[in-house]
Every structure is written in C-alpha cells, then in structure tokens.
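[1] compute the structure for the input listed below.
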Amino acid sequence: MGCASCGNDVPGGCKNNGACASGGCNKLEVFDWLANVSLPSGQAQYDIVEIRFKNSRKSFYRNSSRLNLQVGDAVVVDGSPGKDVGVVSVIGELARIQVRKKAPNLKVAEIGKIQRIAEQEDIDNWIKARSLEREVMYKSRTLAVNLGLEMKISDVEYQADLTKATFYYTAEGRVDFRQLIKDMADEFKIRIEMRQIGARQEAARLGGVGSCGRELCCSTWLTDFRSVSTSAARYQQLSLNPQKLAGQCGKLKCCLNYELDMYLDALKAFPKGDLRLRTEKGTAAHIKTDVFKQEMWYAYSSDDGIGGGLVALKPDRVREIIRMNKDGKKPVDLNDYVETVHVSEPDYTNVVGQDSLNRFEHTFKKKKKKKKRGSRQQGNQKTGPKAQNDSNKNKGQNQKKRRSNNRGNKQNDKK
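    Numbers count the residues shown, from 1 in each chain. Purely as a prediction, here's the structure:
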C-alpha cells in the first residue's frame with residue numbers, strides 16, 4: 001500500500017508519523033506485543049480483525065475467508081452500502097482483547113466481512129476518493145453558509161467505491177440540515193451521510209501539535225475521551241487560566257486527568273485546607289499545598305491588621321496546631337513551628353581555589369593591563385641611529401622656540 005501523496009509502495013506505509021498530507025500512516029497504531037507468542041496446538045487464529053480507516057475511525061470485521069493477513073495490509077471490506085478499503089491494524093489474540101475492551105456486546109452475526117486483499121485498481125479508486133475530499137468539504141461549507149445553518153463541517157470521508165460520502169460536523173444545538181442534504185446530493189451526485197461529533201473528536205480527526213510540542217494525544221493514541229473538570233486543576237494546584245488549561249479543541253486538556261489519581265492519593269496525607277489556624281498573633285488561612293515538598297503554606301488574614309509573608313508548615317505541625325485549637329489552646333506564632341533545614345557544608349578544603357566561579361577574572365584583567373602598557377611603551381620607544389637623530393632635532397627645535405619666546409617677552413617689557 002502506498003501513501004496518497006508520496007506514492008511510497010512500502011506495505012506498512014511511509015512511516016512519516018503524520019507529517020505527510022495523507023493524514024499519517026501510523027495514526028492510532030497498535031504495537032502487537034503478542035506477535036511472538038505462538039498459539040496452542042490445534043487452536044485456530046481469531047477470525048475478527050480490526051480495520052483502520054481515515055484518521056481515527058476503526059471497526060471490526062470478520063475474516064471468514066481465512067485470508068493470510070498481516071498488519072498494514074490494505075483489504076476490501078463490506079460498506080453500507082457497497083465496499084470500502086481499509087488497513088489492517090490488529091490481528092490475532094490482540095484483536096480478541098480489543099473486542100472485549102471496546103465492544104463487549106459485539107454480535108458476530110452483525111459484523112461485516114473482509115472480501116479480499118485490495119488490488120491495484122481498488123487502491124487507485126481509494127486514492128482518487130481521498131483526493132476529492134478537500135474540494136467537496138469547501139463546497140459543502142459554502143452551501144451550509146448560504147442556508148444560514150449554525151454548523152461547522154470539519155471533515156469529509158469518501159467511501160472507496162465513490163458511492164457515499166460521510167460529512168462530520170460540530171454544532172452547539174440541533175440543526176435542520178434536510179435542505180442541505182438535498183443540495184449536496186444534487187451538487188456531488190453521491191449518497192450523503194451527516195454525522196455529528198464533539199469538539200474533542202474534531203481535534204482528533206484534524207490533528208495538530210499541543211503546547212508540549214508533541215502531536216495531540218487524541219489523534220495519536222487516546223481513544224477514551226473522559227470528562228475533564230476544573231477540580232482536576234485545583235487538586236494539582238494549577239492556576240485557573242483558561243488560555244493555559246484549554247487545548248486545541250477549546251475544552252480542558254485531557255492530560256489534566258493523567259496524574260490526577262496520584263495527586264488524590266498524595267493529598268490524603270494532608271489535613272483539610274479549609275480549616276483556619278488560630279494563634280495569639282492572629283488567624284491564618286491556607287493558601288496552597290506543595291505535594292512534592294510536603295508543605296502547606298499559610299498566611300495571616302488582613303482583617304487582623306497583621307502583615308507578613310507566607311509561612312510553610314509540615315502536615316504534622318498543622319495537625320498539632322489543629323488539635324490545640326480544638327482543645328481551646330492557641331500557639332503564640334506559626335513561625336515557632338517552622339522546621340528549619342540545616343545544610344551541611346561539604347567535607348573538603350579549598351586548596352587550589354577551584355571552587356570559585358570568578359577565580360580567573362582578576363588574573364585576566366592584570367594581564368590585559370600589562371599588555372597594554374608594554375605595547376604603548378614599545379610603540380613610543382625607537383632604537384638605532386635614526387632615533388638619536390630624531391631626538392636631537394626635537395631638542396634643537398624646542399630651544400629655538402624658547403629663544404623666540406624670550407625675545408618677544410623682552411620687547412613687550414620695553415614698550
């Protein structure tokens with residue numbers, strides 16, 4: 001199988017990882033970690049195969065003809081209606097695990113079948129269908145704007161036999177696109193199917209690069225889109241800045257849920273932050289929690305008229321102060337409970353002076369000054385008989401000037 005743009009004839013694609021215009025050969029790829037595990041004697045290979053289509057769309061099909069399929073082979077499968085062309089992504093026992101994970105209620109009788117391995121004619125029609133998608137998407141957007149529909153058509157997927165096209169769109173509410181389907185059927189002369197997707201699914205289909213500098217998780221490996229709330233950012237002590245927390249889709253980033261369970265387990269060792277600490281100096285409120293340093297930061301309230309910065313306390317010290325407040329006691333000041341860490345100096349002596357960062361600055365300056373003075377003196381001094389003649393001439397000229405000055409001064413005195 002070759003790519004639609006570069007025409008590489010490698011069976012597994014060009015391995016360009018989404019950088020080419022064809023949409024990427026390894027998009028949502030699966031590593032077959034059971035490939036080297038042989039089946040028990042007498043057991044047949046699992047006959048359900050996972051097929052990948054354009055972007056993130058995948059479906060399960062039955063290999064009823066017992067074709068010898070490998071990952072990356074282009075096959076012709078049953079369409080609705082007609083036929084379609086896809087790429088084999090998972091086979092064998094790993095496909096069985098994928099079926100249990102993604103489609104536990106899958107009925108074998110309702111699964112489509114794999115007809116045959118794709119021939120060159122099938123691949124040529126497939127490439128032709130992919131080349132028509134961009135132009136059709138622009139025209140469909142124009143038709144939707146002319147009808148005044150509040151919807152955004154983000155992607156178009158042609159079936160390999162050029163008999164059907166699926167239009168993916170996003171909309172905030174319900175859209176009456178009956179007239180739009182009629183106009184598109186008259187314009188494109190194909191069967192039209194409209195499918196509404198969410199903002200996260202739209203970003204997964206279009207792809208892009210996130211703020212981390214890598215490709216979006218939803219377009220490379222993430223298939224389970226869970227809801228992300230602002231409480232995930234609060235538990236991780238992140239600032240609620242929508243520009244930093246929002247992804248390409250405009251929703252909260254999916255990566256906020258990656259480390260959320262670890263933060264929740266770590267916060268169980270901390271006392272509740274909604275309790276105020278009462279001291280004789282004043283009342284202190286909780287500001288933030290540093291999970292990694294095991295510290296809780298408190299500050300005195302401004303109502304008491306007390307200034308000062310933040311005070312970092314260990315969780316054990318905070319619990320001790322809370323017990324004292326429950327017993328009706330108040331500590332004098334929170335600073336008395338701050339644990340100071342003594343940093344021990346290294347056990348070596350500076351013999352050569354190599355631990356100073358500016359140990360070479362003074363030596364360089366002295367050397368530069370010496371070089372400049374020496375160069376000036378050498379430039380002014382001249383050697384040889386020519387130099388003596390020049391010095392004698394200068395002395396004679398200076399004496400003549402002095403004599404003329406003295407004569408001028410005497411004449412002025414006589415006047």
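[2] may I ask you to confirm that A185 is in contact with Q179?
    No: using Cβ atoms under 8 Å, A185 is not in contact with Q179; the gap is 10.8 Å. The C-beta positions use only the backbone N, C-alpha and C, and glycine is treated the same way.
[3] which residues in this structure form strands?
    Remark: strands assigned in the chain by DSSP state E are 48-52, 58-62, 74-78, 83-90, 112-117, 152-158, 164-170, 191-196, 277-278, 283-290, 295-300, 311-313.
[4] how about those strands in a markdown table, adding mean pLDDT and distance to D124?
    Converted to a markdown table, the strands of the chain look like this (pLDDT from 0 to 100; distance: least, Cβ to Cβ, whole Å):
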| stretch | mean pLDDT | distance to D124 |
| --- | --- | --- |
| strand 48-52 | 91 | 19 |
| strand 58-62 | 91 | 22 |
| strand 74-78 | 92 | 12 |
| strand 83-90 | 90 | 10 |
| strand 112-117 | 91 | 15 |
| strand 152-158 | 92 | 14 |
| strand 164-170 | 93 | 18 |
| strand 191-196 | 92 | 21 |
| strand 277-278 | 88 | 75 |
| strand 283-290 | 88 | 61 |
| strand 295-300 | 89 | 65 |
| strand 311-313 | 89 | 68 |
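[5] out of those, flag the one nearest S131.
    strand 152-158 (9.1 Å; Cβ to Cβ).
[6] against which helices or strands is that closest one packed?
    The contact analysis (3 or more Cβ pairs under 8 Å, 6 or more residues apart in numbering; DSSP states H and E) places strand 152-158 against helix 120-146, strand 164-170, helix 199-206.
[7] which of the ones you listed sits closest to Y61?
    Set against Y61 and scored by Cβ to Cβ, these come closest in helix 120-146, at 15.4 Å.
[8] show me what counts as buried in that closest one.
    Buried residues in helix 120-146, counting neighbours by 16 or more other Cβ atoms under 10 Å, are found at 122-123, 125-127, 129-130, 136-137, 139-141, 143-144.
[9] which of those sits closest to S89?
    Using Cβ to Cβ, W126 comes nearest to S89 of the buried residues of helix 120-146, at 16.3 Å.
[10] I'd guessed the closest one sits against A160; true?
    Yes: look at W126 against A160 with Cβ under 8 Å: they come within range, at 4.5 Å.
[11] now do the shared contacts for those two.
    Common contacts of W126 and A160 (Cβ atoms under 8 Å, 6 or more residues apart in numbering): V85.
[12] which stretches of the protein have low pLDDT?
    Applying pLDDT under 70 to the chain flags residues 1-27, 303-308, 343, 345-357, 359-415.
[13] quick one, domains of it?
    According to automatic domain parsing, the chain is divided into the following domains: 48-118, 126-203, 277-337.
[14] how close does Q70 sit to V88?
    For Q70, the distance to V88 equals 7 Å [Cβ to Cβ, to the nearest Å].
[15] compare those two (neighbour count), which wins?
    V88 (23 against 10; other Cβ atoms under 10 Å).
[16] nearest spatial neighbour of the more buried one, skipping sequence neighbours?
    Nearest residue to V88, sequence neighbours excluded (Cβ to Cβ, 6 or more residues apart in numbering): D73, at 4.8 Å.
[17] and that neighbour, its phi and psi?
    Dihedral angles of D73 (phi, psi; degrees, to the nearest 10) stand at phi -80, psi 140.
[18] before we move on, back to that, using a markdown table, lay out the strands of the chain together with distance to V209.
    A markdown table is the format used below for those (distance: least, Cβ to Cβ, whole Å):
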| stretch | distance to V209 |
| --- | --- |
| strand 48-52 | 22 |
| strand 58-62 | 23 |
| strand 74-78 | 28 |
| strand 83-90 | 23 |
| strand 112-117 | 35 |
| strand 152-158 | 18 |
| strand 164-170 | 21 |
| strand 191-196 | 26 |
| strand 277-278 | 46 |
| strand 283-290 | 31 |
| strand 295-300 | 35 |
| strand 311-313 | 38 |
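[19] among the ones you listed, which is nearest Q237?
    Ranking the strands of the chain by proximity to Q237 (Cβ to Cβ) places strand 283-290 first, at 5.8 Å.
[20] in terms of secondary structure, what does that closest one contact?
    By 3+ Cβ pairs under 8 Å, 6+ apart, strand 283-290 packs against strand 295-300.
[21] what residue lies at the spatial centre of this structure?
    C212 (2.0 Å; Cα atoms, centre = their mean).
[22] and that residue, what does it touch?
    Residues counted as contacts of C212 (Cβ under 8 Å, 6+ apart) are C255.
[23] how about V90: what's its closest non-neighbour residue?
    Nearest residue to V90, sequence neighbours excluded (Cβ to Cβ, 6+ apart): E50, at 3.9 Å.
[24] can I assume D290 is in contact with W297?
    Yes: using Cβ under 8 Å, D290 is in contact with W297, at 7.2 Å.
[25] now for those two: what residues contact both?
    Common contacts of D290 and W297 (Cβ under 8 Å, 6+ apart): A312.
[26] related to what we said a few turns ago, next, count neighbours for the residue nearest to V90.
    E50 has 21 neighbours, counted by other Cβ under 10 Å.
[27] what bridges to it?
    F60, V90 (DSSP bridges).
[28] ok, which of the helices and strands packed on strand 152-158 comes nearest D261?
    Of all those, helix 199-206 comes closest under Cβ to Cβ, at 20.6 Å.
[29] quick one on the thing from earlier: contacting residues for the residue nearest to V90?
    The contact partners of E50, taken as Cβ under 8 Å, 6+ apart, are V30, K58, S59, F60, V88, S89, V90, I91, A95, Q98.
[30] please repeat the previous calculation with a cut-off of 7 Å.
    When contacts are counted by Cβ atoms under 7 Å, 6 or more residues apart in numbering, E50 touches K58, F60, S89, V90, A95, Q98.
[31] with A109 instead?
    Residues counted as contacts of A109 (Cβ under 7 Å, 6+ apart): none.
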